[in-house]
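Asker: mind folding the following:
(chains A, B and C)
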Amino acid sequence: MQVTMTVNGKEVTRDVEPRLLLVHFIRDELGLTGTHWGCDTSNCGACVLWMDGEPVKSCTVLTPMAAGREIRTVEDLEQDGVLDPIQQGFVSQHGLQCGFCTPGMMMTCRHLLDHNPDPSEHEIRVAISGQICRCTGYENIVRSVRWAAEHTTSEEVSA
Amino acid sequence: MQVPAPVEYERATSVDDAIAKLERYGPEARLIAGGHSLIPMMKLRLARPEVLIDINDLTDLAYIKREGDELRIGAMARHRDLLESHVAFEYYPIFRDAEEVIADPVVRNRGTIGGSICQADPSEDLSAAFAAVKADMVIQSSSGERIVPNPEFHRGPYTTAVGDGEMLTEVRVAIRPGCGSAYEKVERRVGDWAVTAVGACIQLDGDTITEVGIGLAAVSAQHFRSAGAEDILRGGPATEEQFAAAAAAAAEGCNPSSDQRGPADYKRHLARVLTLRALRRATARARGQEA
Amino acid sequence: MTVTQEPETNPIGFGRMQRKEDARFVRGQGNYIDDIVLPGMLHGAILRSPYAHARIKSIDTTAAEAHPKVKAVITGALLETLGLAWIPSLSADVVAVLATDKVRFQGQEVAFVVAEDRYSARDALELIDVDYEPLPAVVDAKRSLDPDAPIIRDDIEGKTNNHIFDWDAGNKEETDAAFAKADVVVTEEMLYPRVHPAPMETCGQISDMNKVTGKLTIWCTTQAPHAHRTIYALVAGLPEHQIRVVSPDIGGGFGNKVGIYPGYVLTVVGSIVTGKPVKWVEDRSENLMSTSFARDYHMHGEIAATSEGKILALRTKTLADHGAFNNTAQPTKYPAGFFHIFTGSYDLEAAYCEVTGVYTNKAPGGVAYACSFRVTEASYLVERLVDCLADELKMDPAELRLKNFIQPEQFPYTCKTGWEYDSGDYPRAMRLAMDIAGYEQLRAEQVEKRARGELMGIGISFFTETVGAGPRKHMDILGLGMADGAEVRVHPTGKAVVRLSVQTQGQGHETTFAQIVAQELGIPPLDIDVVHGDTDNTPFGLGTYGSRSTPVSGAAVAIATRRVRDKARLIAATMLEVSPDDLEWEKGKWFVKGDPSTAKTIQEIALAAHGSMELPEGVEGHLDGSCVYDPPNLTYPFGAYICVVDIDPETLQVKVRRFIAVDDCGPRINPMIVEGQVHGGLADGVGMALMEVIAFDEDGNCLGGSFMDYLLPTSMECPSWELGETVTPSPHHPLGVKGVGESATVGSPAAIVNAVLDAIGVRHADMPLTSAQVWRATEGRPFRTDLAIE
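Answerer: Model (predicted):
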């Protein structure tokens, strides 16, 4: 079936099987491989992107369910060559190691900051509680989000 | 990655349209809303619907509102909506208690109230919460609307009163003066299903319990409910002794089985402990002593 | 919280600096296995056994082959014709690539479908009809040696039981004598249950056999690309120079990505059969049910002491469950890994360790999950036993440890099972941890809380690791010595490249190894390219696991870089027209002694090395150096960990309130990265101590086969970690560094378990300490966590 949606501000149309998972549509059809997948049971959160402005687990959305909706992925965080503060925060505070959970984490945390610009440590931990990181023990992810909360204007980082 | 088997897809434009499509495609058609119960089952190929009818466009069912003496929750309200609903919290803080411990924030953005209770997982939290508050379920079909009181809604694990060509559209909860409610859950880890969970709703007239509901999840309580514990409390004083007796009855009356979430004896122990805690908190709330 | 600590940016050498690799990761531009798409690439899927033990009577692939998008269906019968149905394991055994005679664990590989897309490949699996004859299964290691236990490995000629090996270390007689004279002996049965490293990215491979050139290119989630290449050459008879193994970005490894899995081999076969590149990536259940698990050690532990609390000896008899094939990845001479470092951090009179390995109808593996070759099990055993002894003696567990530590002046210290500990100052680390924790105040708080009926526990773990395997005369894997190469080249304009044999899975090699070169040469890290993960472009070496990257490859890079520096000295001397002996090194330049202004920078020297200047006798042009580092000994990082827990007295749910970790891994190349490594390992500890386990029911059904069942810790179970450090350099490592990747995973579980048991006043209960298990422990009825809960 033909499906049209907006991805990172651009309208895309593809012919897909209805069963195609959104994460595969984004990765395999559009080549946006920044969105990852890590489980089959909606537990890990590696596949989190935004649908109509809300973080969702894209392994648990069928592609036609996203038709007509607006999708935003990690590739859209950097604007005009300038990293989003959340990206800068993750670099600055060593919020990532293997980098696999990072895009999903950043999408959730960007959303958190958009709705709660000064989150407490507890609020950050709750926000990411449906996403697993095996490397950081979460400490530096929390710090990265705090960094982003404290540095709201974009500035180029050395990375 | 596990992927679903082939399936047809249609999008419903209204409740009537959804029901018409259900009738057209028959029992192999399934409604899909948040998809967080159905899609994982489809990936495991434990569920193999032939047609999915997407009801996400039925945003007119996404309400949580007071209407007359009732709290009305549309089937398409998301978990997050219920978690953040001020009107729901005002009358039934049990829902915020429960929603805080259902899955995780990202899942709560998508999962719907209707989808959760229609999945009828024996460990599902809202089923226990709705049992405690004695909610009525509104089920619609092409021949009209029928209202199923909570105990009759659940027919067993993964089975509800919603029949072929029918759709759950709303949950109604009577607003009761002097009412307090609370939900207590033990989970192995944040985001996990309950090892055991208990919801309690108490209506007080002075110190007398005029009405009470106790709902239990994950312990095979009939209709997610402890009628025995409710009977002990109804009409009596709201005292620790009464609560302890009710908690013992709730533990005695459920039928937990051992699994990797815990042995049956522990679950039964929790049924008692959590019933007691839920009753205490519900009572404190009924008395205005706790938010 | 406010973020106060800003990393220092771009030190020329050691120090905090942001990671070079992060620029691509935060943009979603990492390049992981499933991100790679080749022209014409096909997709593989594996049919797996639903039974733990069953005879395969027949396999009918007709319907699957008829699927319009299926290109090949491969079964064990086909592999037999290629001689590839079985491959050597990493531990003197064989592993079935696809089952031919029987299946021996649930999830074992039975058939492989290659199709045009991944959805069709999955669909076709349902079209394969396998006729199984179920057999009785044995999943309880304690029953595996029973006379009536089903024989799992009847493929091995003459095999009449499920026994794999008996192995021992230490001196039995001396240990028995020490136990005989002891005032106090404490004995405990402990299970370190089966857990899984579960990296966020599952395992996968793309194989591309070019029939024209004969070159096989493999992209694989491997922590050891060179070892993989050599093993393919040895096993499949493919010429090694025609194999290229590339490790792209890896989404976490933790030991899960060391071995060669049947799925990898199947992509190679699939590519040979179809003539196209074939990709296979595990789903999560495949990852949890079939690839390398960790632990599964049933340990009978004994500790002997005087009534004053002087520990005399340790003894253990341990049953090691290796699953259906003996496929643990560890140095050949050590069938139980380095488990015999169970002597821990204590000065003992004697120790004796016996291990028996057995087969069960469970997935093979055994060494994975950041365990430093079973130091995790050893550390857990000794640190639990010391707490049991403290309980018996009614002594404070911190005091008991301080009383028995190996003292700083005793190093190098040879322990009773033969390890030579290189350096350490244990009391200093212990006291620092106690200071950070406020140990005395915590104990006082605990007394108050107990009086009120509240459950609070304080747990200590003091670990010593042995990492950086290892001296090649003692340590090899499949005959390949555990030495690693490094090559450093300075380009004409003074930028540099360093090529490594080790492979990052998130540890930050691209930054850390650039910092090592920077430290030794004075070239800024951002001017140094780190090349790794490609056998065509890097020197040979055995890869990253067992915390060996910095101890082994870090040394190789340091020495290679010093060789560059030495060469630069000769060139600088010619440039300055002085004798090399008149030159002195300051980071980044050679200068004339007593005249610092007369100097040549490394950049100037690099240009000259590539220029037309006549070079001194015996000095070739260009500026490069290499090294194959054979470590003279292992390194022995250590640490003092203290955990504080609060437990709900009615539900028995455990909350980790605080965790203090003082690590000593020698000098820290990039403290930010080291702290990150520790943080991650501490979270592993929370997971293993409180929730992670792969149990099996009596039919051999895996009860931990998805992330709904195999629970990993989230942000909510982890406290904000409190770290401290001491620095005791390794005397034999050129940089003094010891390795830290696994320290926290090794050291933390015992601290958490000790804290929980301290809170509830129970001597022992096995992990994971779920609230159900803690409640049962308080009732005196803890359950077997490795079996179905009843």
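Asker: what values do phi and psi take at the residue lying closest to C:Cys665 once chain neighbours are set aside?
Answerer: In this structure, C:Cys665 finds its nearest non-sequential neighbour in C:Val740, 3.9 Å apart by Cβ to Cβ, 6 or more residues apart in numbering or on different chains. (C-beta placed from N, C-alpha, C; glycine too.) Backbone torsions of C:Val740, given as degrees, to the nearest 10, read phi -140, psi 0.
Asker: C:Val740 and C:Pro637 touch, don't they?
Answerer: Yes - between C:Val740 and C:Pro637 there is a contact at 6.1 Å, judged by Cβ atoms under 8 Å.
Asker: for the two, list the residues in contact with both.
Answerer: Contact criterion Cβ atoms under 8 Å, 6 or more residues apart in numbering or on different chains; residues shared by C:Val740 and C:Pro637: C:547, C:663, C:665.
Asker: and the first one, how close does it get to chain A?
Answerer: So that's C:Ser547. Distance, C:Ser547 to chain A, by Cβ to the nearest Cβ, to the nearest Å: 15 Å.
Asker: give the contact list for that residue.
Answerer: Contacts were defined as Cβ under 8 Å, 6+ apart; by that measure C:Ser547 touches C:372, C:465, C:467-468, C:637, C:739-743.
Asker: make sure it is indeed in a strand.
Answerer: No - counting by DSSP: H, G, I helix; E, B strand; the rest coil, C:Ser547 is not part of a strand but coil.
Asker: count of neighbours near the residue nearest to C:Leu711 when sequence neighbours are not counted?
Answerer: Sequence neighbours aside, C:Met691 is the residue nearest to C:Leu711 in space, at 4.2 Å (criterion: Cβ to Cβ, 6+ apart). Using other Cβ atoms under 10 Å in any protein chain shown, C:Met691 has 22 other residues around it.
Asker: quick check: C:Met691 touching B:Arg188?
Answerer: Yes - judged on Cβ under 8 Å, C:Met691 makes contact with B:Arg188 at a distance of 6.0 Å.
Asker: now for the two: what residues contact both?
Answerer: Residues touching both C:Met691 and B:Arg188 (Cβ under 8 Å, 6+ apart): C:711, C:770.
Asker: rewinding a little: which ones among the contacts of C:Ser547 map onto helices?
Answerer: Among the contacts of C:Ser547, the residues falling in helices (DSSP state H) are C:Ser743.
Asker: ok, back up a step: per-residue confidence at the residue nearest to C:Leu711?
Answerer: Listed pLDDT for C:Met691 reads 98.
Asker: quick one: neighbours of the residue in the stretch 51-200 of chain B that chain C sits nearest to, just the number.
Answerer: Evaluated by Cβ to the nearest Cβ, the stretch 51-200 of chain B has B:Val190 as its residue closest to chain C, separated by 4.1 Å. By other Cβ under 10 Å, the residues close to B:Val190 number 19.
Asker: ramachandran coordinates for it?
Answerer: Backbone dihedrals for B:Val190, given as degrees, to the nearest 10, come out at phi -50, psi 130.
Asker: circling back: looking at C:Val740 and C:Pro637, which one has more neighbours?
Answerer: Using other Cβ under 10 Å, the more surrounded residue of C:Val740 and C:Pro637 is C:Pro637, with 32 against 28.
Asker: OK, contacts around the more buried one?
Answerer: Going by Cβ under 8 Å, 6+ apart, the list of residues near C:Pro637 reads C:464-465, C:467, C:547, C:663-666, C:738-740, C:743.
Asker: could you redo the last one with a cut-off of 10 Å?
Answerer: Residues counted as contacts of C:Pro637 (Cβ atoms under 10 Å, 6 or more residues apart in numbering or on different chains) are C:372, C:375, C:422, C:424, C:463-468, C:547, C:551, C:663-666, C:728, C:730, C:737-743, C:746-747.
Asker: so how far is C:Val727 from it?
Answerer: As judged by Cβ to Cβ, to the nearest Å, C:Pro637 and C:Val727 stand 11 Å apart.
Asker: again with C:Ala750
Answerer: C:Ala750 is 24 Å from C:Val727, by Cβ to Cβ.
Asker: hang on, the earlier thing: list the contacts for the residue of the stretch 51-200 of chain B closest to chain C?
Answerer: Neighbouring residues of B:Val190 by Cβ under 10 Å, 6+ apart: A:125-126, A:129-130, B:100-101, B:103-104, C:711, C:713-717.
Asker: could you redo the last one with a cut-off of 7 Å?
Answerer: Counting by Cβ atoms under 7 Å, 6 or more residues apart in numbering or on different chains, B:Val190 touches A:129, C:714, C:716-717.
Asker: pull the longest helix from the chain.
Answerer: Since you didn't name a chain, this refers to chain A. When chain A is parsed with DSSP H, its longest helix is helix A:102-115.
Asker: actually it's chain C I care about, not the one you picked
Answerer: helix C:555-576.
Asker: report all helices and strands that that one contacts.
Answerer: Helix C:555-576 sits against strand C:484-490, helix C:509-521, strand C:583-586, strand C:589-592, strand C:595-601, helix C:602-609, strand C:623-629, with contacts defined as 3 or more Cβ pairs under 7 Å, 6 or more residues apart in numbering or on different chains; DSSP states H and E.
Asker: kindly recompute the last result at 6 Å.
Answerer: Contacts defined by 3 or more Cβ pairs under 6 Å, 6 or more residues apart in numbering or on different chains; DSSP states H and E place helix C:555-576 against strand C:484-490, helix C:509-521, helix C:602-609, strand C:623-629.
Asker: identify the residue of the stretch 401-550 of chain C closest to chain A, quick one.
Answerer: For the stretch 401-550 of chain C, Cβ to the nearest Cβ, closest residue to chain A: C:Gly506, 3.0 Å.
Asker: quick check: that residue touching A:Leu96?
Answerer: No - at 7.9 Å, C:Gly506 and A:Leu96 do not qualify as touching, with contact defined as Cβ atoms under 6 Å.
Asker: what parts of chain A come near chain C?
Answerer: Taking Cβ under 6 Å from any Cβ of the partner chain, the part of chain A that reaches chain C is made up of A:33-34, A:38-41, A:43-44, A:46, A:74-75, A:78, A:87, A:90-91, A:94, A:96-103, A:121, A:125, A:128-129, A:132, A:134-139, A:143, A:146-147, A:158-159.
Asker: just the buried ones from the residues you listed?
Answerer: By neighbour count, with 16 or more other Cβ atoms under 10 Å in any protein chain shown, the residues of chain A next to chain C hold A:33-34, A:38-41, A:43-44, A:46, A:74-75, A:78, A:87, A:90-91, A:94, A:96-103, A:125, A:128-129, A:132, A:134-139, A:143, A:146-147, A:159 as buried.
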